[in-house]
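Asks: pasting a predicted model and its sequence here:
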Amino acid sequence: MSELRNTELQILNYFFKALANDAKQEARPTLTPHVTGIVYDCLRRCYYSLTTPIDTIDLKGSIRTWIGRKLHETQIFPGGQMELELEWKEDGKTILTGRLDEFDGKIILDKKTTRRIPREPYPHHIKQVELYNLLLKKNFNQTAKYGAIMYMDVSDASVKVFVFLLNTNLSALENEVRRKYEVLEKSLKTGILPPRIIQQWEPGSVGVVCGYCPFYGRCWQEDYMDSFRVLFKPVG
């Protein structure tokens, strides 16, 4: 084997090792409910993120995650706040945590990598921004006027931004989070999984969110038959 080929393989070896180290950091289970898990109607994803590491993903998935991480490291708003850590604590319990990508005082910007830019933002992505707005209220007693989601297609490098008014009823959203937290708390104490809820990726779509969940295999293999139920419920 030529020296050039050996060098090529050595570089790939270093790259794959770096990806594996990054994935290991990402795979650590969180200790408190996070916006990215509680945003779904199905709470199994959030339950697993609190109890187990993320299942190993394939090489292409690791590379896409790496691209997404670099996107999040790039600041879009001049003078805005980056990677803002937010926490909602109540009666000694952490109800919800979140890491807001960017905030400039009136706009919450969330950045997403994708393999297909949607015609409109996915409902659970909008709800994710709404939850960040709730956390802003809880932490700083302020809210944003607009939400923005920037999608970057990793296949063709195209970018699209969707902007929308943040006029959500925060009291109703807060009650929703409380209900979900109660379900999670009960499941964590009993070890019985939350009910599985199958959601469409977007209204009218044939795809379901399950197909993009890192705990898909675990969810369908490890089940408690006495609590098993499937609810077909669209997003939105």
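Replies: That came through fine. Residues are numbered from 1 along each chain as shown.
Asks: so which helix or strand takes in the residue sitting nearest the centre point of the chain?
Replies: Centroid-nearest residue in the chain: residue 36, 3.2 Å away (criterion: C-alpha atoms, centre = their mean). Here residue 36 sits within helix 35-38, counting by DSSP states H and E.
Asks: report the contact partners of the residue nearest to the centre of the chain.
Replies: Counting by C-beta atoms under 8 Å, 6 or more residues apart in numbering, residue 36 touches 98, 128. Heads up, the C-betas are built off the backbone N, CA and C, glycines and all.
Asks: can you list the weak-confidence ranges in this structure?
Replies: 1, 19, 22-31, 53-61, 202-206, 223-236 (pLDDT under 70).
Asks: for the helix ranked longest in it, packing partners?
Replies: In the chain, with assignment by DSSP state H, the single longest helix is helix 3-26. Helix 3-26 sits against helix 59-73, with contacts defined as 3 or more C-beta pairs under 8 Å, 6 or more residues apart in numbering; DSSP states H and E.
Asks: buried stuff in the helix it packs on?
Replies: 62, 64, 66, 68, 71-72 (16 or more other C-beta atoms under 10 Å).
Asks: how about those in a markdown table, adding distance to residue 123?
Replies: A markdown table is the format used below for the buried residues of helix 59-73 (distance: C-beta to C-beta, whole Å):
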| residue | distance to residue 123 |
| --- | --- |
| 62 | 27 |
| 64 | 22 |
| 66 | 27 |
| 68 | 20 |
| 71 | 22 |
| 72 | 22 |
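Asks: and which of those is nearest to residue 191?
Replies: Distance to residue 191, by C-beta to C-beta, is smallest for residue 62 among the buried residues of helix 59-73, at 30.6 Å.
Asks: from residue 18, how far out is the closest one?
Replies: 10 Å (C-beta to C-beta, to the nearest Å).
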